[in-house]
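[1] Pasted the sequence and its predicted model underneath.
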Amino acid sequence: MRKTVRFAEEMRFRLPPFAFWTAEDWRDKGEEYDELRQNLLGWDITDFGSGDFYKIGLLMFTIRNGNFDNPKYIKPYAEKLLIVEEGQITPYHFHYKKMEDIINRGGGDLMVQVYNSDMDERFAGTPVMVSSDGRNYTVDAGAVVRVTPGESITLPCGMYHKFWGEGGKVLVGEVSKVNDDRVDNRFYEPVGRFPAIDEDEAPLYLLSMDYKEF
């Protein structure tokens, strides 16, 4: 979290104030902040059950989000900040409901490998339609698309994607439809999306999955 804050500041990206609330701050926040809690805004860190975060892992911060199930929240969109380390892999997955734009906001290049999915939710061998900053073209199944700083790629529902950084850490923006990783992710191979954490020191800032405890 400390490294992310420093990197975001270097990239001139400002996190919202609730990014820096402590556990004590959260205990004092009333129902007017339920949107943060119920839509899981804030910090999210995972190693996908790998046990090696810097090899297979991802740090995310959800800035805004709607809700699949609660009509109280009318936003049909979400926005995230992702920190992708050099060589750090986010495994193959697609989303059932969420279409997203993945934007390289600065740092190294983002490498995105793509496949269509078939009726059995496996890799399809068909050409993949890529949409990138107004350019639409096809690539072979399993092709790797290089997204350089300032560029973006659109990932529709059902498109498998795997990504990692090259040439340095990458500050990635995600603009999408409503997001709920608890129900909307289809990983190609089983992973631990919300791994257990050894709480060997007090949390600097809470993870979104910790809100219910505070």
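    Arrived safely.
[2] what about dumping the CA coordinates of the longest helix along the chain to CSV?
    The longest helix of the chain (DSSP state H) is helix 2-10. Taking C-alpha atoms only, helix 2-10 is exported to CSV below (Å, rounded to 0.1, in the frame of the first residue of the first chain):
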residue,chain,number,x,y,z
ARG,A,2,2.8,2.4,0.8
LYS,A,3,4.6,1.7,-2.4
THR,A,4,1.3,2.2,-4.3
VAL,A,5,0.7,5.6,-2.8
ARG,A,6,4.2,6.7,-3.6
PHE,A,7,3.9,5.4,-7.2
ALA,A,8,0.5,7.0,-7.8
GLU,A,9,1.9,10.3,-6.6
GLU,A,10,4.9,9.9,-8.9
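[3] Burial check on residue 151, number of neighbours?
    Per other Cβ atoms under 10 Å, the neighbour tally for residue 151 reads 16. All C-beta spots, glycine's among them, are computed from the backbone N, C-alpha and C.
[4] residues touching it, list them.
    For residue 151, the contact set (Cβ atoms under 8 Å, 6 or more residues apart in numbering) comprises 103, 104, 132, 133.
[5] Write the ChimeraX selection for whichever of the residues you listed are buried.
    Buried members of the contacts of residue 151, defined by 16 or more other Cβ atoms under 10 Å, are picked up in ChimeraX with:
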select :103,104,132
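[6] Looking at the contacts of residue 151, spot the one nearest residue 182.
    residue 103 (24.0 Å; Cβ to Cβ).
[7] three-state assignment of the closest one?
    Secondary structure state of residue 103, per DSSP: H, G, I helix; E, B strand; the rest coil, is strand.
[8] now do residue 83
    Residue 83 is classified as strand under three-state DSSP.
[9] roughly how far apart are it and residue 98?
    Between residue 83 and residue 98 the computed distance is 19 Å (Cβ to Cβ, to the nearest Å).
[10] Could you list the buried residues of the lengthiest strand in the chain?
    Taking DSSP state E as the criterion, the chain has its longest strand at strand 159-177. By neighbour count on 16+ other Cβ under 10 Å, the buried set for strand 159-177 is 159-166, 169-177.
[11] Equivalent analysis for stretch 89-102, please.
    By neighbour count on 16+ other Cβ under 10 Å, the buried set for stretch 89-102 is 89, 90, 91, 92, 93, 94, 95, 98, 100, 101, 102.
[12] hmm, which helix or strand of this structure has the shakiest average pLDDT?
    helix 23-27 (a mean of 92; mean pLDDT, DSSP states H and E).
[13] Not counting its own residues, what contacts that one?
    202, 203, 206, 211, 214.
[14] Most widely separated two among the residues you listed?
    Pairwise distances across the contacts of helix 23-27 (Cβ to Cβ) peak at 16.1 Å, for the pair 202 and 211.
[15] Between those two, tell me which one has more neighbours.
    Taking neighbours as other Cβ under 10 Å, residue 202 and residue 211 compare with residue 211 leading, 18 against 7.
[16] Alright, calling it a day.
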